[in-house]
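**Q** heads up, no residue letters with this:
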């Protein structure tokens, strides 16, 4: 994985992640990036930044990062886009979460400790899937309960 081409790619991705997540210094030392600012533009802003974030994932795939780590990277971007769509709170979340820098750390973590990074990503994604299934089951149960309640009230 660590050939000169991959080193060059990682440098480019590091710069892009910095630009998107931490390139602007605010008073007090907090840093924000263009991702959060572009995300302030309703509708198109979040889609544009998701595209830039997806470029980092595509480059990671080209560099040979395993699917479990790519899935985790995709989840980071998806989380930032979904939460980022919530007015005001989502914009603040964009400034704090920094999905691109998280994803860059995953790429670099894979290079330093491939097995550990892959296993951590597998466990995290298994937890996310289990949580999503549990949430869907709860939603299904609530819909069935509501339907039952309405039918009981209508039947008298």
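**A** Okay, I see it. Predicted, not measured: the structure shown is a model, and the values here were computed from it. Residues are numbered from 1 along each chain as shown.
**Q** the strands in this protein, which residues?
**A** Under the criterion DSSP state E, strands of the chain are mapped to 24-25, 31-32.
**Q** Give me the mean pLDDT for the last one.
**A** Averaging the model's pLDDT scores along strand 31-32 yields 94.
**Q** follow-up on the earlier one: for the strands of the chain, state which one has the densest average packing.
**A** strand 31-32 (a mean of 16; mean count of other Cβ atoms under 10 Å). Every residue, glycine included, has its C-beta placed from N, CA and C.
**Q** Check which helices and strands that strand is in contact with.
**A** Under the contact definition 3 or more Cβ pairs under 8 Å, 6 or more residues apart in numbering; DSSP states H and E, strand 31-32 sits against strand 24-25.
**Q** got the strands of the chain as TSV, with distance to residue 39 columns?
**A** Listed next are the strands of the chain as TSV, based on distance: least, Cβ to Cβ, whole Å:
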stretch	distance to residue 39
strand 24-25	13
strand 31-32	10
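**Q** closest one to residue 13 among the ones you listed?
**A** For the strands of the chain, proximity to residue 13 was assessed by Cβ to Cβ; strand 31-32 is nearest, at 17.8 Å.
**Q** So what are the sheet partners of that closest one and their directions?
**A** Strand pairing for strand 31-32, determined by DSSP bridges: strand 24-25 (antiparallel).
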